[in-house]
Every structure is written in structure tokens, then in C-alpha cells.
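> The sequence and its predicted three-dimensional model are supplied below.
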Amino acid sequence: MPTKEILYYLGIDVGSVSTKLVLLGTERQPLAQACLPTHGQPSTALKAGLLCIQQQLPQGADIALVAVTGSAREMIGQLVGADIVKNEVTCQAAATLHYYPQVRTIIEIGGQDSKIILIKDGHVADFGMNTICAAGTGSFIDHQAQRLGLTAKQLGDLACLSKAPAMLSGRCTVFAESEMIHKQQSGASPEDIVYGLCQTLVHNYLNSVASGKEILPPVIFQGGLSFNRGIVRALQEELRCQVVIPPMPQLMGAIGAALLATSHPTNMPSHFKGFCL
């Protein structure tokens with residue numbers, strides 16, 4: 001009996017902070033992945049990511065289709081020879097619905113971007129995205145963690161030890177930093193200060209990106225900030241419901257792009273320009 005041909009679908013998500021690539025097979029399961037810092041040079045990050053994916057591919061394997069998303073999708077789509085170019089909301093929703101068909105609310109918070117996607121009857125019913133303010137994104141936490149001499153993960157772990165979180169009202173990095181100094185001088189513990197920061201980010205997100213949106217469970221939390229335990233704790237306490245984190249939360253945009261490619265006709269050769277651009 002002849003072996004079933006495996007088709008490979010490449011999803012690329014190029015964001016302002018990181019560039020993600022995911023390769024799916026015919027069974028729509030991730031077979032290879034790469035996540036690299038963008039560092040303001042999306043084309044350089046893309047080239048490095050493509051080589052990383054190539055090293056994980058079986059020898060002689062061909063790419064059936066390539067789909068691109070993210071803030072630099074148009075430029076990267078032309079560079080790589082994408083067959084499909086989709087916005088981030090469509091791709092995030094596609095991935096989440098694939099793994100969690102009953103999802104009602106998708107919360108996605110990355111380094112510079114954040115969004116909320118409301119799902120009804122398996123389709124996107126509404127969405128919201130952050131503006132130029134980064135107070136509801138990962139960069140807010142990264143900046144404060146650096147000031148305290150912590151990694152973002154260490155800050156999140158420390159925040160989970162808090163029993164009396166410091167009340168911080170700052171709606172931007174500058175004001176939050178000023179309040180942090182005041183709380184430190186007032187004798188607040190490090191864990192209470194950093195958990196106050198986590199609560200501030202969640203409040204900023206809910207009051208800006210999610211303003212006016214009805215957040216209903218099941219709630220799926222994805223994006224790089226979902227690795228931060230302090231943010232997860234603050235989000236669950238504020239929403240008063242469980243928040244589910246996918247196995248690969250930072251890759252959901254790229255996975256969604258690749259999933260959309262698997263549903264695209266493959267009767268024509270891909271425009272993919274290859275792994276060595």
C-alpha cells in the first residue's frame with residue numbers, strides 16, 4: 001500500500017518583538033518551530049528562522065503553502081513568497097478555535113501589542129487592539145523588571161508570593177516607576193510591589209483594549225506574557241474565572257496562519273522562494 005504523501009504548511013508570524021515560524025504536516029500537527037527576537041530587523045529574523053525550520057525538515061521535503069501574519073506581514077509576505085497573507089486577529093482566532101472550539105474570549109498580550117477577540121458560534125464577533133500605549137503589553141513588565149534587576153519570569157514568580165499587593169495607579173511606565181519608588185521607600189515588600197505591577201498591567205489592558213467588551217468564559221490567554229505567572233494570577237483574580245493557557249501560547253499566530261494554509265487549495269505550486277533568501 002503506497003505511503004500517504006505528507007504535505008508541509010509553513011506559518012510565519014512577524015511581530016515587533018519576536019518572529020515565530022511553525023511547520024504543520026498533513027495531520028495539522030506542529031512538526032517544527034522557531035522563535036527568534038526581531039530586534040527591529042524582521043527580514044534578518046525571518047532568514048534565521050527559515051534556516052532553523054529547514055534543519056528540522058526531512059531531507060527533500062517541499063513546502064506546499066506559506067502563510068504570513070503579524071505587524072510586518074505585507075513586507076515579509078513579498079520577501080518570502082507567501083501564498084496567503086492574513087491579519088493577526090484571523091490567525092489567532094483560527095489557532096484557538098482549532099484547539100478550543102468552545103472558546104468565547106481570546107486574550108493575547110505580546111511584547112508591544114495586545115488584543116482581545118470575542119468568539120460567538122465559532123466565529124469572530126468582535127475584537128479590540130491596543131493603540132500606541134504600551135502600558136497593557138509585555139514591554140511594561142520588561143521595563144520594570146529590568147529596573148528591579150529581575151527577569152520577567154522572576155518578576156512573575158515573585159508576584160505569586162504576594163499577600164498584600166501594593167496599589168499602583170500609574171497608567172504608563174513613567175508614572176508606574178515613580179509609584180514603585182514611593183512604595184519601596186514606604187517599606188512595601190518586593191513581592192507586593194511586583195504583584196501590584198502585574199495588577200496594574202491587567203487593569204490597563206481591561207480598561208483600554210477590552211473596554212466595553214463582555215468577557216465570557218472559556219477564556220484563553222496567549223502571547224508571550226502568558227508565561228508570566230503573576231499576570232495569570234492577576235488576570236484570573238480580576239476576571240473571577242479560570243484562564244486557560246495553550247501549550248505553545250507564543251506561537252498561536254504562526255500556528256493559525258499555517259492552519260489557514262492547510263485549508264487552501266494546493267493544486268498550484270507555492271510561491272515560496274525557499275529557505276535561503
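Yep, it's here. Numbers count the residues shown, from 1 in each chain.
> In space, not sequence, find me the middle residue of this protein.
Gly223 (2.3 Å; Cα atoms, centre = their mean).
> From Ala95, how far out is that residue?
Gly223 is 12 Å from Ala95, where distance means Cβ to Cβ, to the nearest Å. All C-beta spots, glycine's among them, are computed from the backbone N, C-alpha and C.
> Identify the contacts common to the two.
Residues touching both Gly223 and Ala95 by Cβ atoms under 8 Å, 6 or more residues apart in numbering: Met252.
> ok, back up a step: Lys115 versus the residue nearest to the centre of the chain, what's the distance?
Separation of Gly223 from Lys115 (Cβ to Cβ): 9 Å.
> any idea how far Gly49 is from Glu238?
35 Å.
> Give me the neighbour count for the residue nearest to Ala94 when sequence neighbours are not counted.
Computed as Cβ to Cβ, 6 or more residues apart in numbering, the closest residue to Ala94 that is not its neighbour in sequence is Gly256, at 3.9 Å. Per other Cβ atoms under 10 Å, the neighbour tally for Gly256 reads 27.
> Distance-wise, check Gly256 relative to Ile193.
Per Cβ to Cβ, Gly256 is found 36 Å from Ile193.
> try Gly15
Separation of Gly15 from Ile193 (Cβ to Cβ): 29 Å.
> Check what pLDDT the residue nearest to Ala94 gets.
The per-residue pLDDT reported for Gly256 equals 98.
> chain center to the helix or strand where it lies: distance?
Using DSSP states H and E, Gly256 sits in helix 252-262. In terms of Cα atoms, centre = their mean, to the nearest Å, the centre of helix 252-262 is set 13 Å apart from its chain centre.
> How many neighbouring residues does the residue nearest to Glu238 when sequence neighbours are not counted have?
Leaving out its chain neighbours, the residue that sits closest to Glu238 by Cβ to Cβ, 6+ apart is Val202, at 5.3 Å. Here the number of neighbours of Val202 (other Cβ under 10 Å) works out to 24.
> Can you pull the phi and psi angles for Val202?
phi -60, psi -40 (degrees, to the nearest 10).
> Could you tell me how many residues sit around the nearest residue to Leu7 once chain neighbours are set aside?
Leaving aside its sequence neighbours, Leu7 sits nearest to Ala64 (Cβ to Cβ, 6+ apart; 4.2 Å). Ala64 has 22 neighbours, counted by other Cβ under 10 Å.
> what about Ala64, which SS state?
Applying DSSP: H, G, I helix; E, B strand; the rest coil to Ala64 yields a three-state assignment of strand.
> how close does it get to Gln33?
Separation of Ala64 from Gln33 (Cβ to Cβ): 17 Å.
> can you map out the strands along the stretch 151-277 of the chain?
219-222, 243-244 (DSSP state E, counting those that start in this stretch).
> Just name the most buried of those strands.
The highest mean neighbour count among the strands of the stretch 151-277 of the chain, using mean count of other Cβ atoms under 10 Å, belongs to strand 219-222: a mean of 23.
> Which elements pack onto that strand?
Strand 219-222 sits against helix 88-99, strand 105-109, helix 229-239, strand 243-244, with contacts defined as 3 or more Cβ pairs under 8 Å, 6 or more residues apart in numbering; DSSP states H and E.
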